[in-house]
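> Okay, here's the prediction I keep looking at, along with the sequence it came from:
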Amino acid sequence: MSGVNPYAYLQQVSVELSSITRADQLETVLDELEFLYEVISPELQDQADAVMDQVRKKLALLRQAE
């Protein structure tokens, strides 16, 4: 994820989350967000937490449907 703009990535995930329909895709996004969380500035961590919560909820719903 070298050269990634953390704010832009968080925004992109937020916008595209509704179109992600597979658990494996959500797992990849969650992995990327968790990595990003470790390297972003503290002021972005609240936003990252909110996005990760949304991804986790959607992932849980998809897993229940399987």
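That came through, no problem. All values derive from a computational prediction rather than experimental measurement.

> which residues in the chain form helices?
When secondary structure is read from DSSP state H, the chain shows helices at 6-16, 23-39, 42-65.

> Residue 30 versus the residue lying closest to residue 37 once chain neighbours are set aside, what's the distance?
Closest residue to residue 37 in three dimensions, ignoring its sequence neighbours and counting by Cβ to Cβ, 6 or more residues apart in numbering: residue 48, at 4.9 Å. For glycine as for every other residue, the C-beta is placed from the backbone atoms N, C-alpha and C. As for residue 48, its distance to residue 30 is 11 Å (criterion: Cβ to Cβ, to the nearest Å).

> If you count surrounding residues, which of those two has more?
Neighbours per residue, other Cβ atoms under 10 Å: of residue 48 and residue 30, the larger number sits with residue 48, 20 against 17.

> do you know how far the more buried one is from residue 32?
Relative to residue 32, residue 48 is positioned 11 Å away (criterion: Cβ to Cβ).
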